[in-house]
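Peer 1: sequence and predicted structure, then a few things I'm wondering about:
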Amino acid sequence: MSLPHIKDPKHLKEYLLKQYTKGQLASFDYPLTFKLEFPKGKQISANFKLVQQWAKLWRGEAFQDKLDFKTLSLSQYGLGEQTLPCALTFNSLAEVLTFIGKNKEYQRYLKLKAKLEKRFPKLETYTNSSHLEILEKELIWDQILEVLAFIKDNPKSHLYLRQVDLPNLDTKFIEKNFELLNKLLPFILEEQDYNAEITGKTLASFLKRYNFKLKPKLIRLRFLDPKLSQKLFQRENSDFALDLETFAHFNHAVKFVVIVENEITYLSLPKLDNTLAIFGKGYEVADLSQVTWLNEAKIAYMGDLDKDGFAILNALRTVLPQASITSLLMDLNTLKDHLKSVVKDPNVNAKELKLLNPKEKECYEALCNNTLGESLRLEQEFIPMHKLNEALFLWHGA
């Protein structure tokens, strides 16, 4: 690594502190010599007092025995011979650390580094490059090491985090520190013991990557057929939730399914024979790919008339390719009829959606091209309920 010419002690300290922060100091070749950017001839003649002050900066105790000097002949400027510092050498990393005031801190790092590598030698690559993080996490390394040991000994535990019962470890510890654990675990685990292909940075991705259980996703449902509700719950009105796996094996399969994104709309849907309503959760419709029996159902979907609404409809058709999926009131006429109720759409990204029918595509392109106004969005709750009911009855009876 090439070293800069140093202007003054402040410049030197700033440079060395920056290299310390980046973890580079230990990788330098020692002795480490910096050339000093001393004044040129014209500068000397113009203001020799400033030159003397500059030279004096380097004569402090911190630089004793570290300076090389050069004698310059300045007789042409009427100053005779002058001896000025021209280079400065640190003989060891310890000298640099003392100069920047980081010696004690660095010794703490070395002790922590040794502690981590004693427990897990394969962490050496991490410890060599992460001294500031190691210091920052100084108070929790004992707990981190216990968690690492647990996961190494139980790489496919399939437990909830709440079930990881370790001394002096609260149940939120792994959740709070999963990002650090995610950095460390690949160093100590065998390739077959974790799912390296899962690269997301969320807690959910961490749980999947290291074979922990995730909280099950719940699907909120209503039977719109009072007879089916009565049969299952002994009441005509039902609003219940099933985890995704249970819903995938639902033994009360129905012929008609209605998916809506607005909760009050979901709760206000009319009675319909042999029909189940699903409260949608936006792009989580992708999870319905696991519910294969939906491919045999007749599905109606109503989302907001905006870019996301059509993208979710497209995603639904992608994950249920065999299903008959009809959108309700997601067309250009509906949008035109409710222009007084539109709001600004924060989503400015238009995507190519290949699974829209011609009427849906017409409306989507009008939104993307700002045909009726800039960045329009019509939320479904602004469409009168009687219009939705009419569309539902027409679809159900078709």
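Peer 2: Yep, it's here.
Peer 1: contact partners for the residue nearest to residue 182 when sequence neighbours are not counted?
Peer 2: Take residue 182 and drop its neighbours on the chain: the residue closest to it by CB to CB, 6 or more residues apart in numbering is residue 206, 5.4 Å away. For every residue, glycine as well, the C-beta is placed using N, CA and C. By CB atoms under 8 Å, 6 or more residues apart in numbering, the residues touching residue 206 are 178-179, 181-182, 212.
Peer 1: ditto for residue 314
Peer 2: Per CB under 8 Å, 6+ apart, neighbours of residue 314: 353-356.
Peer 1: and it, how far from residue 297?
Peer 2: 18 Å (CB to CB, to the nearest Å).
Peer 1: for residue 239, same thing?
Peer 2: Residue 239 is 20 Å from residue 297, by CB to CB.
Peer 1: what about these two, which has more around it?
Peer 2: Taking neighbours as other CB atoms under 10 Å, residue 239 and residue 297 compare with residue 297 leading, 21 against 14.
Peer 1: need the phi and psi values for that one.
Peer 2: When read as degrees, to the nearest 10, the backbone of residue 297 gives phi -100, psi 160.
Peer 1: apart from its chain neighbours, what residue comes closest to it?
Peer 2: Closest to residue 297 by CB to CB, 6+ apart is residue 257, at 4.7 Å.
Peer 1: each with direction, which strands does the host helix or strand of that neighbour pair with?
Peer 2: Here residue 257, judged by DSSP states H and E, is contained in strand 256-260. Here strand 256-260 is paired, per DSSP bridges, with strand 275-279 (parallel), strand 298-302 (parallel).
Peer 1: can you list contacts of the last one?
Peer 2: What that stands for is strand 298-302. 255-261, 265, 280, 312-313, 316, 320, 323-330, 380, 388, 392, 395-396.
Peer 1: by contact count, what packs against whichever helix or strand comes after the strand holding residue 257?
Peer 2: Going down the chain from strand 256-260, the next helix or strand is helix 263-268, by DSSP H and E. For helix 263-268, the contact count by 3 or more CB pairs under 8 Å, 6 or more residues apart in numbering; DSSP states H and E identifies strand 218-223, strand 275-279, helix 385-397 as packing neighbours.
Peer 1: identify all contacting residues around helix 263-268.
Peer 2: Here helix 263-268 has contacts from 220, 222, 239, 260, 277, 279, 302, 380-381, 385, 388, using CB under 8 Å, 6+ apart.
Peer 1: 10 Å instead?
Peer 2: For helix 263-268, the external contacting residues (CB atoms under 10 Å, 6 or more residues apart in numbering) are 220-222, 237, 239, 258-260, 262, 277-280, 302, 380-381, 383, 385, 388-389.
Peer 1: what are the buried residues along it?
Peer 2: Buried positions in helix 263-268, judged by neighbour count with 16 or more other CB atoms under 10 Å: 265-266.
Peer 1: please apply the same query to stretch 188-196.
Peer 2: Applying 16+ other CB under 10 Å to stretch 188-196 flags 188-189, 193-194 as buried.
Peer 1: distance to residue 22 and pLDDT added to those, as a markdown table?
Peer 2: Below are these laid out as a markdown table (distance: CB to CB, whole Å; pLDDT from 0 to 100):
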| residue | distance to residue 22 | pLDDT |
| --- | --- | --- |
| 188 | 25 | 97 |
| 189 | 28 | 97 |
| 193 | 32 | 96 |
| 194 | 29 | 96 |
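Peer 1: related to what we said a few turns ago, in contact with the residue nearest to residue 297, which residues?
Peer 2: Contacts for residue 257 (CB under 10 Å, 6+ apart) come out as 221, 224, 275-278, 288, 291, 293-294, 297-301, 320, 323, 325.
Peer 1: select only the buried ones of these in PyMOL?
Peer 2: In PyMOL, this line selects whichever of the contacts of residue 257 come out buried by 16+ other CB under 10 Å:
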select buried, resi 221+224+275+276+277+278+288+291+294+297+298+299+300+301+320+323+325
